[in-house]
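Q: Sequence first, then the predicted structure:
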Amino acid sequence: MDVIESKISVNSGEYQKNFKDMTAMVAELNRELDIAMNQRSEKALKRQKESGKIPAKKKLELLLDKNTPFLEIAPLAARGMYDGKIHKAGMIIGIGVVCGRECMISINDATIKGGSIYPMGVKKTLRSQTIAMENRLPLISLLDSAGAYLPLQSEIFPDVDDGGRVFYNQAMMSKMDIPQIVGVMGLCTAGGAYGAAMCDDIVHVKGHGAIFLGGPPLVKAATGEEVSANDLGGPELHCAESGVSDYYAEDDPHAIQIIRSIVKNLPAGEKSKLTMMEPMPPVYDPKELYGIVSPDLSKPYDCREVIARIVDGSRFLEFKEMFGPTLVTGWAHIHGYPVGILGNNGVLFSDSAKKATQFIQLCDKRKIPLVFLQNINGFIVGSHYERLGITKDGHKMVNAVATASVPKFTVVVGASFGAGNYAMCGRAYSPRFMWMWPNAQIGVMGGPQAAGVLVSITNDQRARLGQNPLTPEEEDFIKGPVIENALKEGNAYYATSQLWDDGIIDPATTRDVLGLAISASLNAPLRDDVYGFGVFRM
């Protein structure tokens, strides 16, 4: 593989402006991440301390092996939603190393509304389970929850992707031989009781851990019986009498120590094998990405410059370099793992779509994971391109992306609009993980384009009625709200708050994030048992 020759001048005015703008965006991201992790009320912190519990962040620290990375998922979920204080949707989830084993970890944060489950908390729990199932990762849950947030119960309870699906997934994970280990570190009421009971190993903490279908207030209302939480569902009852719980823990640190012992005692899991190379850093500084990509998505750049700062040794074997130039495809290594990369250099034409289809087939056949670097406004439109077959060629690419069964990873480094989002493995196409850069935008189309379409439709309607076209002032009146709404709902923070991705990341960390994700994915088979593609319209 040849080293990509960078054509970037770090002294140019454009580079310096981009660098300054992206640095400010990354600083804002770090501020938001700090708020989500650390902003808690004094009252909640005091109550937690008085109860003998330790903070969620401390639990994570004790659980993980020393000096190992933690790949947090959706750290800004529910940002700006509800009352603006349901940080992380009330829970920390991510992939970490426990006793040398990569595990999916989920920790309730009881300093947020007593651990009450909000709708986005359900969605985040389901995401953690999906990651565990797709990547065959043991799932460790540290539970401490007051149960569903009742004022929003209709958004939590009844549908296929609501709370009941959590327990369905637990049953399916058990069937798939995915270990599920739980630490009962607070109240596990109603559904929370099933969440604990359906695990393989239950570690129950003395003093504040309790499991029951109905808590003391409900029991009193239903039966008239007055009973304490501990007598109703504490560890003495469930470890010695009911047999629900398996291990008795004196406190939170003791529970975590027991959980680590359980993980250590699990049968060794054999990871899928790839043809590895010795890892090496890129030739170019990854932080130079700040100066390459502009927050102004209308300004183009060569995605090879991005690839050069992500892959090992900046080495890249480009596939069909002269054909379909608006899409760059080729092979490289990231932290020693082989990958096939698809990166946008413009809208998708028929030739670039056909190139992508062939490349994806090759990677899937050779069991090479796929990395998509999204900066895409969509497919080319117009009568000339329809005659050339853009619809059927686009269908081939979308089909290949959907049915490729090797691990897929998506990073939105710029625009992610329309069918381009689908063709470049957006969330609906089940990449194992998907991240966004702070400058990224996502939507059916960009705000100015959407506003222009609306103006055109309105003028067509007026013409059919024999009316004059819109005046410039009327056009601005229509365009303004459309553009404003697109900017609001299309920016990276709105997207990540809705869990449309797995988090906003610092561009300079992209290589490390991908390396951790690829490593985790190798705990599962590299390809589905049912290999192959659908019918490609010729």
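A: Received, thanks.

Q: What are the buried residues along the helix or strand bottoming out on mean pLDDT in the chain?
A: One helix or strand of the chain scores below all others by mean pLDDT, DSSP states H and E: helix 472-490, with a mean of 83. For helix 472-490, a neighbour-count test (16 or more other CB atoms under 10 Å) marks 475, 479, 482, 483, 486, 490 as buried. C-beta: built from backbone N, CA, C; applies to glycine.

Q: could you dump the residues you listed to JSON lines with distance to residue 512?
A: Formatted as JSON lines, the buried residues of helix 472-490 follow (distance: CB to CB, whole Å):
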{"residue": "475", "distance to residue 512": "46"}
{"residue": "479", "distance to residue 512": "41"}
{"residue": "482", "distance to residue 512": "38"}
{"residue": "483", "distance to residue 512": "36"}
{"residue": "486", "distance to residue 512": "32"}
{"residue": "490", "distance to residue 512": "27"}
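
Q: Give me the pLDDT value at the spatially closest residue to residue 399 that is not a sequence neighbour.
A: Nearest residue to residue 399, sequence neighbours excluded (CB to CB, 6 or more residues apart in numbering): residue 534, at 5.0 Å. At residue 534, the model reports a pLDDT of 82.

Q: List the contacts of residue 417.
A: Contact partners of residue 417, counting by CB atoms under 8 Å, 6 or more residues apart in numbering, are 376, 377, 378, 441, 442, 443, 444, 445, 446, 449.

Q: what about the nearest residue to the third one once chain neighbours are set aside, neighbour count?
A: The one in question is residue 378. Spatial nearest neighbour of residue 378, excluding adjacent residues (CB to CB, 6+ apart): residue 418 at 3.8 Å. By the criterion of other CB atoms under 10 Å, residue 418 has 19 neighbours.

Q: thinking residue 418 is in contact with residue 381, fair?
A: No. Residue 418 is beyond contact range of residue 381, at 9.7 Å (criterion: CB atoms under 8 Å).

Q: Please determine how far the residue lying farthest from the centre of the chain is located from residue 383.
A: In the chain, the residue that sits farthest from the middle, by CA atoms, centre = their mean, is residue 466; the gap is 50.6 Å. Plainly put, residue 466 is 27 Å away from residue 383 if you go by CB to CB, to the nearest Å.

Q: try residue 56
A: 57 Å.

Q: ok, these two, which is more surrounded?
A: Taking neighbours as other CB under 10 Å, residue 56 and residue 383 compare with residue 56 leading, 25 against 7.

Q: what residues are up against that one?
A: Neighbouring residues of residue 56 by CB under 8 Å, 6+ apart: 91, 92, 107, 108, 109, 110, 111, 142.

Q: Identify the farthest-apart pair in the residues you listed.
A: Greatest spatial distance among the contacts of residue 56 (CB to CB): 111 and 142, at 13.6 Å.

Q: which stretches of the stretch 51-200 of the chain form strands?
A: Secondary structure of the stretch 51-200 of the chain (DSSP state E, counting those that start in this stretch): strands at 70-73, 91-98, 101-108, 139-145, 180-189.

Q: Between these, which one is closest to residue 295.
A: Across the strands of the stretch 51-200 of the chain, residue 295 has its closest neighbour in strand 70-73 (24.1 Å, CB to CB).

Q: ok so residue 357 is a helix residue?
A: Yes. Counting by DSSP: H, G, I helix; E, B strand; the rest coil, residue 357 is found in a helix.

Q: do you know how far it is from residue 342?
A: Distance from residue 357 to residue 342, by CB to CB: 11 Å.

Q: More neighbours: those two, which one.
A: More neighbours surround residue 342 than the other of residue 357 and residue 342, with 28 against 23 (other CB under 10 Å).

Q: So that one: helix, strand or coil?
A: Strictly by three-state DSSP, residue 342 counts as strand.

Q: contacting residues around it?
A: 327, 328, 329, 356, 359, 360, 370, 371, 372, 373, 424 are the contacts of residue 342 under CB under 8 Å, 6+ apart.

Q: Could you tell me which of those count as buried?
A: Listed as buried from those are 327, 328, 329, 356, 359, 360, 370, 371, 372, 373, 424; burial here means 16+ other CB under 10 Å.

Q: Put together a markdown table for these, with distance to residue 273 on each row.
A: Output for the buried ones among the contacts of residue 342, formatted as a markdown table (distance: CB to CB, whole Å):
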| residue | distance to residue 273 |
| --- | --- |
| 327 | 29 |
| 328 | 28 |
| 329 | 24 |
| 356 | 26 |
| 359 | 22 |
| 360 | 21 |
| 370 | 18 |
| 371 | 19 |
| 372 | 23 |
| 373 | 26 |
| 424 | 28 |
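
Q: Now residue 4: closest residue in space that isn't a chain neighbour?
A: Closest to residue 4 by CB to CB, 6+ apart is residue 308, at 3.9 Å.

Q: The stretch 201-350 of the chain: strands as residue ranges?
A: 201-205, 210-212, 247-249, 315-319, 327-334, 337-344.

Q: got the buried residues for the third one?
A: The one in question is strand 247-249. Residues of strand 247-249 classed as buried by neighbour count (16+ other CB under 10 Å): 247, 248, 249.

Q: Tell me the one of those residues nearest residue 261?
A: For the buried residues of strand 247-249, the nearest to residue 261 is residue 247 (9.0 Å; CB to CB).

Q: How about the contacts made by that closest one?
A: Residues near residue 247 by CB under 8 Å, 6+ apart: 201, 202, 203, 204, 239, 255, 258, 262.

Q: Could you verify my assumption that residue 214 touches residue 223?
A: No. At 9.1 Å, residue 214 and residue 223 do not qualify as touching, with contact defined as CB under 8 Å.
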